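Asker: Generate a structure from the sequence data that follows.
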Amino acid sequence: PSRSPRHKLLAAGVKVYEFDGGKIMHAKTVVIDRRWACVGSYNWDVLSNKLLEASVAAYDRQFARTMEEHFLQDMAMSRRVTVDDYLARPWYTRLACCFFYYGVWLTEAATFRGYRDRDLHTPFGGKVDP
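Answerer: Predicted coordinates for the structure are as follows:
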């Protein structure tokens, strides 16, 4: 599902890379100015909020340096996706990505529309009645 919105990112000039290191890469990482870093499993889809996926961010030079080193190693095993690559995908791949992206969105809307986790809406230290 995360491939469907890529056209907006690519059109805006964002450099997109796909990991091709022979393993599954699930981590999402960001390093900014070698001082701030974030790593986690949060996805580009609407279900990440509902599944309580999380990321950890730190303003720490050593952590950022370590994350940057890992990131650069991963980049060495990745390939850049261009607008031309994106547009050259077979029609059935584009259809499948679109179907699953909007399918997840519709599923989320139908399934979690009334969902409310009371623990998330209770003031800090508040008591939840059964």
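
Asker: Helix or strand: which one has the residue nearest to the spatial centre of the chain?
Answerer: Geometric centre of the chain, nearest residue: N43, 2.8 Å, by C-alpha atoms, centre = their mean. If you go by DSSP states H and E, N43 is not part of any helix or strand.

Asker: Packing partners of the helix ranked longest in the chain?
Answerer: Looking across the chain with DSSP state H, the single longest helix is helix 91-111. Using 3 or more C-beta pairs under 8 Å, 6 or more residues apart in numbering; DSSP states H and E as the contact criterion, the secondary-structure elements in contact with helix 91-111 are helix 47-50. Heads up, the C-betas are built off the backbone N, CA and C, glycines and all.

Asker: what's the average pLDDT for the longest helix of the chain?
Answerer: The predicted model gives helix 91-111 an average pLDDT of 78.

Asker: got the buried residues for that helix?
Answerer: The neighbour-count criterion (16 or more other C-beta atoms under 10 Å) identifies 96-97, 100-101, 104, 108 as the buried residues of helix 91-111.

Asker: do stretch 58-73 as well
Answerer: By neighbour count with 16+ other C-beta under 10 Å, stretch 58-73 contains the buried residues 63-64, 67, 71.

Asker: can you tell me the average pLDDT over that stretch?
Answerer: Per-residue confidence for stretch 58-73 averages out to 94 on the pLDDT scale.

Asker: same deal with stretch 27-42?
Answerer: Model confidence over stretch 27-42 averages 88 on the pLDDT scale.

Asker: R35 contacts R65, correct?
Answerer: No: using C-beta atoms under 8 Å, R35 makes no contact with R65, being 9.2 Å away.

Asker: and V39, how many residues sit next to it?
Answerer: Using other C-beta atoms under 10 Å, V39 has 19 neighbouring residues.

Asker: So the closest residue to it other than its chain neighbours: helix, strand or coil?
Answerer: Taking C-beta to C-beta, 6 or more residues apart in numbering, and ignoring the residues beside it in sequence, V39 has T29 as its nearest neighbour in space, at 4.8 Å. Reducing the assignment to helix, strand or coil with DSSP: H, G, I helix; E, B strand; the rest coil, the entry for T29 is strand.
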